[in-house]
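# how would this look folded up:
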Amino acid sequence: MPKPTGPSNPVLRGLVRQLRAHGKKHGGGIWSELAERLDCPRRTRAEVNLSHLSRHVEEGGTVVVPGKVLAAGGLTRPISIAAFKFSGAAKRKITAAGGKAITIQQLLEQNPDGKGVRLME
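Numbers count the residues shown, from 1 in each chain. As a prediction, this is how the structure comes out:
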C-alpha cells in the first residue's frame, strides 16, 4: 500500500476540510479550488514573492496564496494578502506598504462568498 500524500499538519488538514465543506455549501468556487491546492505535498505548494504579487494585483485588491509568501521584491501599493504562511520579512513589507497580511481562515470569515478574491500561484 503506498504511503498517503498530502499534508500531515493537523491545522492544515482542518483548514482543508473546512474549505471543502464551505465550498460544497456555497457552490464550489474559489474555496474548493483552494482546498485542492492546499491538499498536496509541501514541496509542490506555491511559494510566491512580493514582486510577483505587486506586478499582478491592483491597488486595494485581495489575493489568496495556497502556500507561502516570500519577501523577494517589494510592494508599491496596499493590497490584502491571505496565505497559509508568511515569511517575517514579507509581513513587515506588506504592512509597511499599507496592506494586510491575513490567514486564509480570516479571509474565509471576512468574505464567505469569495467575491473579488484572486487565487495566485
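# for whichever helix in the chain runs longest, buried residues please.
With secondary structure taken from DSSP state H, the chain has its longest helix at helix 10-25. For helix 10-25, burial by neighbour count (16 or more other CB atoms under 10 Å) applies to Leu12, Leu15, Val16, Leu19, Arg20, His22, Gly23. For the C-beta atoms, the positions are set from N, CA and C on the backbone; glycine is no exception.
# packing partners for it?
Helices and strands touching helix 10-25, by 3 or more CB pairs under 8 Å, 6 or more residues apart in numbering; DSSP states H and E, are helix 30-38, helix 104-110.
# tilt between that helix and helix 30-38?
In terms of direction (axes from the mean of the first three to the mean of the last three CA atoms, to 10 degrees), helix 10-25 departs from helix 30-38 by 150 degrees.
# contacts for helix 10-25, please.
For helix 10-25, contacts defined as CB atoms under 8 Å, 6 or more residues apart in numbering pick out 6-7, 29, 31-35, 38-39, 84, 104-105, 108, 112.
# please indicate which of those are buried?
The neighbour count (16+ other CB under 10 Å) marks Pro7, Trp31, Ser32, Glu33, Leu34, Ala35, Leu38, Asp39, Phe84, Ile104, Leu108 as buried among the contacts of helix 10-25.
# need those residues in CSV (columns: distance to Ala97 and pLDDT).
Below are these laid out as CSV (distance: CB to CB, whole Å; pLDDT from 0 to 100):
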residue, distance to Ala97, pLDDT
Pro7, 30, 75
Trp31, 27, 92
Ser32, 31, 92
Glu33, 27, 92
Leu34, 24, 93
Ala35, 29, 92
Leu38, 26, 92
Asp39, 31, 90
Phe84, 21, 93
Ile104, 20, 94
Leu108, 24, 92
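# go through those and say which is closest to Arg77.
Lowest distance from Arg77 to those (CB to CB) belongs to Ile104, with 22.0 Å.
# give the contact list for Gln110.
Ile102.
# now it: how far from Val64?
11 Å (CB to CB, to the nearest Å).
# before we move on, back to that, can you add distance to Leu50 and give the buried ones among the contacts of helix 10-25 back as JSON lines?
Shown next, in JSON lines, are the buried ones among the contacts of helix 10-25 (distance: CB to CB, whole Å):
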{"residue": "Pro7", "distance to Leu50": "24"}
{"residue": "Trp31", "distance to Leu50": "24"}
{"residue": "Ser32", "distance to Leu50": "27"}
{"residue": "Glu33", "distance to Leu50": "23"}
{"residue": "Leu34", "distance to Leu50": "20"}
{"residue": "Ala35", "distance to Leu50": "25"}
{"residue": "Leu38", "distance to Leu50": "20"}
{"residue": "Asp39", "distance to Leu50": "25"}
{"residue": "Phe84", "distance to Leu50": "16"}
{"residue": "Ile104", "distance to Leu50": "18"}
{"residue": "Leu108", "distance to Leu50": "23"}
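# all set now, cheers.
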